[in-house]
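A.B. asks: Predicted structure and sequence below. I'll ask about it afterward.
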Amino acid sequence: MRPRNEYAEPYRIKMVEPIKMTTREERTRKIQEAGYNVFSLRGEDVYIDLLTDSGTPAMSDTQWAALMRGDEAYAGSKSFYRFRDVVRNITGYEYVIPAHQGRGAEHVIMTALVKEGDAILGNMHFDTTMGHILLRGAEPVNLLRQEGYKIESSEPFKGNIDLEALERELEERGPEKVPFVLITVTCNSNGGQPVSMGNIREASRIAHKHNVPLFFDCARFAENSWFIKNREPGYEKKSLLEIAQEMFSYGDGCIMSAKKDALVNIGGFAAMRDDNIYRKAIEWEIPFEGYLTYGGLAGRDLEAMAQGLSEVLDDDYLEDRIGQVAYLADLLLARGVPVITPSGGHGVYIDAKAVLPHIPQPQFPAQALTVELYVEGGVRGVELGACTFARTDPATGETIYPELELVRLAIPRRVYTDRHMLCVARAFEGILERRSSIRGLRITYEAPVLRHFTAEFERV
Ligand code: F0G
């Protein structure tokens with residue numbers, strides 16, 4: 001990666017959206033009113049919004065132009081075929097089913113393929129994916145290699161799945177209990193960490209040896225392709241498209257939240273090779289998402305996705321994108337904020353246990369840090385720790401806590417400049433100064449599934 005000061009953003013700004021800083025007093029009041037949950041804040045009360053990289057990109061001029069071409073025919077829209085052909089070209093998968101977003105595709109695929117008592121093996125499932133697996137009465141099994149859980153590391157592919165564990169699980173459970181293996185690229189839940197081509201190739205061989213199909217959760221497939229090109233020997237000279245095509249060639253299908261690497265504000269899809277899987281999926285597509293050629297989207301959304309997918313596999317764009325994430329990580333490390341290293345593709349993940357060691361995990365240290373970051377700098381990050389991932393053991397009734405207690409600062413694509421990143425780093429300076437006085441949180445309301453979106457807290 002070139003040093004950040006040797007080049008500039010590979011685009012110029014054509015339209016601006018004003019943002020405004022609030023006072024500390026206002027933020028203290030607003031976060032209390034929000035039940036200490038940043039999801040309940042109004043967007044306009046946030047100065048720099050790093051809640052998610054999902055659905056928050058700036059579209060290109062070409063994508064905006066493509067919207068005008070949207071064909072809104074209920075069935076057989078031209079926009080669908082254009083979109084389908086772009087997905088086919090990248091993935092090689094014959095059948096393409098649009099969905100309103102990633103979890104729509106998850107809903108369709110899980111309902112079609114997963115039954116009670118099944119297990120979905122993967123490197124590390126994202127929370128909505130985990131939610132959908134649990135809703136089917138099945139078990140989400142994370143088989144990330146141990147290295148992937150380390151905060152500090154120089155390992156280039158921390159998203160890799162543990163191949164021996166995969167082999168063992170498949171042998172023990174048998175193919176009738178594992179409808180598919182799901183590899184998430186990049187692996188969001190441990191830091192946007194990439195998965196190597198070598199690991200994908202082997203996982204594919206093992207899954208197929210057991211007659212189990214391999215699917216990708218490919219929300220960030222372009223970022224993963226860039227990491228392969230820049231970190232995996234033998235791929236330096238390949239184009240990003242060739243790398244993506246090779247990756248998909250090892251699988252049998254994918255589900256995608258297009259709100260990430262398709263550079264759009266809404267959209268998703270599932271795609272697959274096998275017509276039996278396709279037939280099962282479309283039984284659920286129509287009642288859940290809509291007719292096969294629109295799947296919960298307008299024709300213009302399909303156009304924007306097609307265009308976004310056509311422009312995302314670009315070396316200059318991805319170097320700038322992933323470079324900005326690394327830049328923020330470096331700013332934080334220089335200030336003594338422990339972050340996951342190497343930094344991943346779409347955000348910086350802060351080790352909240354290390355920043356607030358005096359707050360025990362049942363008092364949500366990562367949530368507490370998320371709250372303080374908003375109060376200090378008007379910056380909105382998101383908790384990926386006990387609130388999002390803790391589960392109750394059905395056998396013992398005990399809470400199983402996740403290994404990692406993280407605050408994620410996800411960077412929207414093509415939206416913020418490096419000066420915004422400097423402001424974020426400065427907010428941490430203030431937090432570090434007063435960290436020993438920061439208190440933990442207690443839940444006062446929670447929903448039965450995906451509680452982190454609506455949970456309410458009070459200070460301990
Ligand atoms: N899979 C991964 C790896 C994701 O990161 C997400 C969403 C989904 C599936 C679900 O997609 O939101 O379009 O329904 N991640 C967002 C995030 C929400 O902030 O990381 P969706």
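C.D. replies: Structure received. Numbers count the residues shown, from 1 in each chain.
A.B. asks: ok, now which ones touch the residue in the stretch 51-200 of the chain that the ligand sits nearest to?
C.D. replies: In the stretch 51-200 of the chain, the residue that lies nearest the ligand is Gly102 (2.4 Å; Cβ to the nearest ligand atom). C-beta here means a position set from N, CA and C on the backbone, and glycine is covered the same way. Residues near Gly102 by Cβ atoms under 8 Å, 6 or more residues apart in numbering: Thr128, Asp217, Ala219, Ile255, Met256, Ser257, Ala258, Lys259, Gly268.
A.B. asks: I'd guessed the third one sits against Cys254; true?
C.D. replies: No: with contacts counted by Cβ atoms under 8 Å, Ala219 stays clear of Cys254, the gap being 9.6 Å.
A.B. asks: What parts of the protein come near the ligand?
C.D. replies: Contact residues (Cβ under 6 Å from any ligand atom) of the chain with the ligand: 52, 54, 101-103, 126, 128-129, 184, 188, 217, 219, 257, 259, 268, 410.
A.B. asks: Once you drop chain neighbours, what's closest to the residue of the stretch 51-200 of the chain closest to the ligand?
C.D. replies: Ser257 (2.6 Å; Cβ to Cβ, 6 or more residues apart in numbering).
A.B. asks: what sits against the one you found?
C.D. replies: Ser257 neighbours (Cβ under 8 Å, 6+ apart): Ser54, Gln101, Gly102, Arg103, Ala105, Ala219, Gly268.
A.B. asks: what are the bridge partners for it, then?
C.D. replies: Gly268 (DSSP bridges).
A.B. asks: With Pro98 instead?
C.D. replies: Beta-bridge partners recorded for Pro98 (DSSP bridges): Phe269.
A.B. asks: That one: neighbouring residues, count only.
C.D. replies: 30 (other Cβ atoms under 10 Å).
A.B. asks: Distance of it relative to Asp275?
C.D. replies: 18 Å (Cβ to Cβ, to the nearest Å).
A.B. asks: with the contacts of Gly102 in mind, which one is nearest to the ligand?
C.D. replies: Nearest to the ligand among those is Ser257, at 3.1 Å by Cβ to the nearest ligand atom.
A.B. asks: What about the contacts of Gly102, which one has the most neighbours?
C.D. replies: Ala258 (33 neighbours).
A.B. asks: List of residues touching the longest helix seen in the chain?
C.D. replies: In the chain, assigned by DSSP state H, the helix with the most residues is helix 315-334. Residues from elsewhere that reach helix 315-334 (Cβ under 8 Å, 6+ apart): 1-2, 4, 7, 9-11, 192, 222-223, 225-227, 229, 240, 311-312, 339, 341-348, 350, 409, 411, 413-414, 416, 418, 421-422, 424-425, 428.
A.B. asks: Just the buried positions in that helix, please.
C.D. replies: Neighbour counts over helix 315-334 (16 or more other Cβ atoms under 10 Å) mark 317-333 as buried.
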